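Novice: heads up, no residue letters with this:
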DNA sequence: GAACAAACGGAACATCGTCCCGCTTCCATC
DNA sequence: GATGGAAGCGGGACGATGTTCCGTTTGTTC
C-alpha cells in the first residue's frame, strides 16, 4: 500500500479514466447540490461531459456514486463521535451533539435522507455504507450514556440512527419542519425512565 | 346535501362507471396490501380488469386513489382524537395514545408513510388530505396537553405529525426497527422542560 | 508508429406514469 | 322495444428514467 488509495492495485488505471472519475465526482457533487441526490443520471453525465455508460463503469450503482461523493463527510462525522464523548460534560450530551452533527449533514443534502431509507435494493450499498460506518460510533455513544445510567438502554444504535435519518426526510426547504428539534426531542425522550 | 356524498351532483354517474369505481377501490386496496401503495398503476388496472385510463378517469391522480382507499380509516383516526381526550387520564396520555393509533395505521400500509412525505407534486392531494383532516385533531390534543402544562408548547401539530409519519417509513417488515417505540420516545421527549 | 486492450459515447432496452383515440355500452327518449 | 348520442372504456402511444450493449476512440507499451 504505497499510495493508500486501494487495497491492491493490480493494474494502474489509465490516465483518462482516472481523470474522468474525478470529473464525475465533482459534477455529481454539483448536480446533487443543485437538483438533489436523485437527479437523473443523464444530467450528471451531461454536467461531466461524459456518456452515461461512463458513470456506470466507474460506479456500478447509483449508490456507489453517492457514497463516493459524501464519503469524506461521513468519515468526519464518524470521527467526531469519540471526540465528543471525550469533551462533552455527559455521555448523553455527547450523544445529543453527535446526533446534531449527523442531522446537519443529512438535512443539507437534498433528498439524501429519503434515498437512504429507501428499500430499493439498488441503494443497498449506500445503506450499508452509512450503517457500517456510523452505527458502531453511535453504539459507543449510546453505550456510554446507558452505562452511566443517563438514558434507557432498550434502544439500539441502528434504531436511533434510522429514526434520526427518517426525521430528516423533507427537512430542507420546509420552514415549518425542523428536523433538528425533533431529533433533539427524541434524544431527550431517551433520558426519561423506561 | 341530501346524501352527504358530494358537494353537488350535477349529473348522476352512469351505473357501470359507479360499479367500476367500486371494483377499482377494492382491487387497489388488495394490491396495496400485496405490493405496497406504490404498486404500478398497470397492476391495479389488471387486478380490477380494466384499462389504465379508467383509473385516471375516476381518480385524476394516483394520490386521489390512495386517499379514496384509506379515507374511512383516516376518518376513524380523526374521530378518535376527541374521544381519547375525554377518556385518558391526562392530555399527554391522550396524545400518546392517539399517536399510537396514527402509527398503527401508517405502519401497516406498505410504503404509505414514505409516499406521504414525498415531495413529488403528484402526491400533493394525498399530503393535503392527511394534513387537513388530522392536523386539527392533533392540534387539539397538543393544545390540551400544553395548556395543562404537561408538555412544552413550542412544537406544532404539523411538525409532530410529519415527524411521526417520517418515523414510520420502512417500519414494516423490519424487525430491527420499531416505529411505535420511537414515536413514543418523541412524545415522551415532549414532556421534558424546554 | 503499430498493436492491443481499456475506456468511451450514445443508442438501445426495460419500466413506469400519464394521455389520447377510436370503439363500446348505457340509457333517455320516442 | 328500437335508437342516437354521449359517457365510458381499453390499449397503445409518449415521455422520462435507470441500465446495458456495441462499435469506435484513445492511452499505453514495445
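Specialist: Structure's in. What do you need? Note that the coordinates shown come from a computational prediction; the quantities given were computed from them, not determined experimentally.
Novice: counting contacts, what elements does the helix or strand of chain A with the lowest mean pLDDT pack onto?
Specialist: Within chain A, no helix or strand scores below helix A:112-117, which has a mean of 86 by mean pLDDT, DSSP states H and E. Judged by 3 or more CB pairs under 8 Å, 6 or more residues apart in numbering or on different chains; DSSP states H and E, helix A:112-117 is in contact with helix A:62-87, helix A:91-107, helix A:124-147, helix A:157-167, helix B:112-117. From N, CA and C alone the C-beta is placed, and that goes for glycine too.
Novice: would you mind telling me which of the ones you listed is nearest residue A:191?
Specialist: helix A:91-107 (6.0 Å; CB to CB).
Novice: tell me which residues of the closest one are tucked away?
Specialist: Residues of helix A:91-107 classed as buried by neighbour count (16 or more other CB atoms under 10 Å in any protein chain shown): A:91-100, A:102-103, A:105-107.
Novice: isn't residue A:150 up against residue A:94?
Specialist: No: if you go by CB atoms under 8 Å, residue A:150 and residue A:94 don't touch, sitting 10.0 Å apart.
Novice: neighbours of residue A:193, how many?
Specialist: Residues near residue A:193, counting by other CB atoms under 10 Å in any protein chain shown, number 6.
Novice: thought it was touching residue A:153?
Specialist: No: assessed by CB under 8 Å, residue A:193 is found out of contact with residue A:153, at 11.4 Å.
Novice: so where's chain A shaky on pLDDT?
Specialist: By pLDDT under 70, the weakly predicted segments of chain A are A:1-11, A:194.
Novice: who in it is up against DNA strand C?
Specialist: Residues of chain A that fall close to DNA strand C, judged by CB under 7 Å from any atom of the strand: A:11, A:13-14, A:16-17, A:20, A:49-54, A:57-58.
Novice: returning to what we had before: would you list the helices and strands packed on helix A:112-117 in JSON lines and tack on distance to residue B:70?
Specialist: JSON lines is the format used below for the helices and strands packed on helix A:112-117 (distance: least, CB to CB, whole Å):
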{"stretch": "helix A:62-87", "distance to residue B:70": "31"}
{"stretch": "helix A:91-107", "distance to residue B:70": "29"}
{"stretch": "helix A:124-147", "distance to residue B:70": "28"}
{"stretch": "helix A:157-167", "distance to residue B:70": "21"}
{"stretch": "helix B:112-117", "distance to residue B:70": "7"}
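Novice: domain assignment for chain A?
Specialist: A:14-60, A:68-194 (automatic domain parsing).
Novice: got a markdown table for these, with distance to residue B:78 too?
Specialist: Below are the domains of chain A laid out as a markdown table (distance: least, CB to CB, whole Å):
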| stretch | distance to residue B:78 |
| --- | --- |
| domain A:14-60 | 33 |
| domain A:68-194 | 20 |
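Novice: out of those, which one sits most buried?
Specialist: Ranked by mean neighbour count under mean count of other CB atoms under 10 Å in any protein chain shown, the domains of chain A are led by domain A:68-194, which reaches a mean of 18.
Novice: so stretch A:29-38, near chain B or not?
Specialist: No: using CB under 8 Å from any CB of the partner chain, stretch A:29-38 stays clear of chain B, coming no nearer than 9.0 Å.
Novice: so does that stretch get close to DNA strand D?
Specialist: Yes: counting by CB under 7 Å from any atom of the strand, DNA strand D has neighbours in stretch A:29-38: residue A:38.
Novice: who touches that stretch?
Specialist: Defining contact as CB atoms under 8 Å, 6 or more residues apart in numbering or on different chains, one finds that stretch A:29-38 is touched by A:39, A:43-44, A:47, A:66, A:69, A:109-112, A:114-115.
Novice: which parts of chain A sit against chain B?
Specialist: For chain A, the contact set with chain B under CB under 8 Å from any CB comprises A:111, A:114, A:117-119, A:155-156, A:158-160, A:162-163, A:166-170, A:176-178, A:181-182, A:184-192.
Novice: need the max-distance pair from the contacts of stretch A:29-38.
Specialist: A:47 and A:114 (21.7 Å).
Novice: ok, residue A:152 to residue B:186 distance?
Specialist: Remark: distance between residue A:152 and residue B:186 (CB to CB, to the nearest Å) = 14 Å.
Novice: swap in residue A:157?
Specialist: 18 Å.
Novice: please apply the same query to residue A:51.
Specialist: Distance, residue A:51 to residue B:186, by CB to CB: 47 Å.
Novice: swap in residue A:143?
Specialist: Note on residue A:143: its distance to residue B:186, by CB to CB, is 22 Å.
Novice: now do residue A:27
Specialist: Distance of residue A:27 to residue B:186, given as CB to CB: 39 Å.
Novice: kindly report the same for residue A:19.
Specialist: Per CB to CB, residue A:19 is found 48 Å from residue B:186.
Novice: then residue A:36?
Specialist: 26 Å.
Novice: residue A:12 now?
Specialist: 52 Å.
Novice: export the residues of chain A next to DNA strand C to TSV and tack on distance to DNA strand D and secondary structure?
Specialist: Shown next, in TSV, are the residues of chain A next to DNA strand C (distance: CB to the nearest atom of the strand, whole Å; DSSP: H, G, I helix; E, B strand; the rest coil):
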residue	distance to DNA strand D	secondary structure
A:11	9	coil
A:13	8	coil
A:14	4	coil
A:16	4	helix
A:17	8	helix
A:20	10	helix
A:49	13	coil
A:50	11	coil
A:51	7	coil
A:52	4	helix
A:53	3	helix
A:54	9	helix
A:57	8	helix
A:58	11	helix
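Novice: hmm, which two among those residues are most spread apart?
Specialist: The most distant members of the residues of chain A next to DNA strand C, if one measures by CB to CB, are A:11 and A:49, lying 25.3 Å apart.
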